[in-house]
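Asker: return atomic coordinates for the entry below.
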Amino acid sequence: MRRDLFIHFSFWIFFFVALSLVRGFLVLDYWPFWLGGLVGVILPDIDHLIYVFFMSPQDLTSQRVNFLLGKKEVGRAIELLYETRSERKGLIFHTIFFQVIFLALTFWLMSSSVSIFGKGLVLSFSLHLLVDQLIDLTELKNLDNWKGIFPVNFNFRQSETYFGVVIFLICIMGFLM
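Answerer: The predicted model follows:
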């Protein structure tokens, strides 16, 4: 769990510092951008709670999480969710289909909104999903958990192309906002 948090926050800090240096966001007026980024780096993990409470409460892990939350062991419940994240299939936010739609919405928000909080949130959210996919690809050697309802199969070469396009889009949206 700590390793995943470290990876997510390292990517987030690196990206936001680089973006802030290039765009001149290191002044106090841009604190909403950073706050939005902080919210956005945490928000995709709500998907696991939606799964536990609404999508599959009968699942053994869901029951264990509910038991731990009932005993007010929130830290242990979060740890259990991180340890068993590869078991959950069919998450809402953690699908390639959702990510493609969210990237389109991110572009729309980045190009038409004046809310720097919203811009930080969507950039960070997109970055979090990308990092989750990179973690799954390196640990599980596949993106099977990201298929969702569509039978998408990526070989390694296609995965490289996909990640290259997503990284390019996130960087372009961030640096040209």
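Asker: quick check: longest helix of the chain.
Answerer: If you go by DSSP state H, the chain has its longest helix at helix 116-140.
Asker: can you tell me what sits against the very next helix or strand once past that one?
Answerer: Using DSSP states H and E, the helix or strand that follows helix 116-140 towards the C-terminus is helix 156-175. With contacts defined as C-beta atoms under 8 Å, 6 or more residues apart in numbering, helix 156-175 is touched by 15, 19, 22-23, 96, 99, 103, 106-107, 110, 123, 126-127, 130, 133-134, 137, 143, 154. Any C-beta I mention is one placed from the backbone N, CA and C, and that applies to glycine too.
Asker: what is the orientation angle of helix 156-175 with helix 116-140?
Answerer: For helix 156-175 against helix 116-140, the angle between stretch directions is 160 degrees (axes from the mean of the first three to the mean of the last three C-alpha atoms, to 10 degrees).
Asker: I'd like the average pLDDT over helix 156-175.
Answerer: Per-residue pLDDT over helix 156-175 has a mean of 85.
Asker: separation between the residue of the chain most remote from its centre and residue 38?
Answerer: Distance from the C-alpha centroid of the chain peaks at residue 71, with 28.3 Å (C-alpha atoms, centre = their mean). Using C-beta to C-beta, to the nearest Å, residue 71 is found at 29 Å from residue 38.
Asker: likewise for residue 158?
Answerer: 33 Å.
Asker: and the longest helix of the chain, what does it pack against?
Answerer: Contacts defined by 3 or more C-beta pairs under 8 Å, 6 or more residues apart in numbering; DSSP states H and E place helix 116-140 against helix 2-23, helix 31-42, helix 96-112, helix 156-175.
Asker: can you tell me which of the ones you listed is most buried?
Answerer: Comparing those by mean neighbour count (mean count of other C-beta atoms under 10 Å), helix 31-42 comes out on top with a mean of 19.
Asker: which other helices and strands does that one contact?
Answerer: helix 2-23, helix 116-140.
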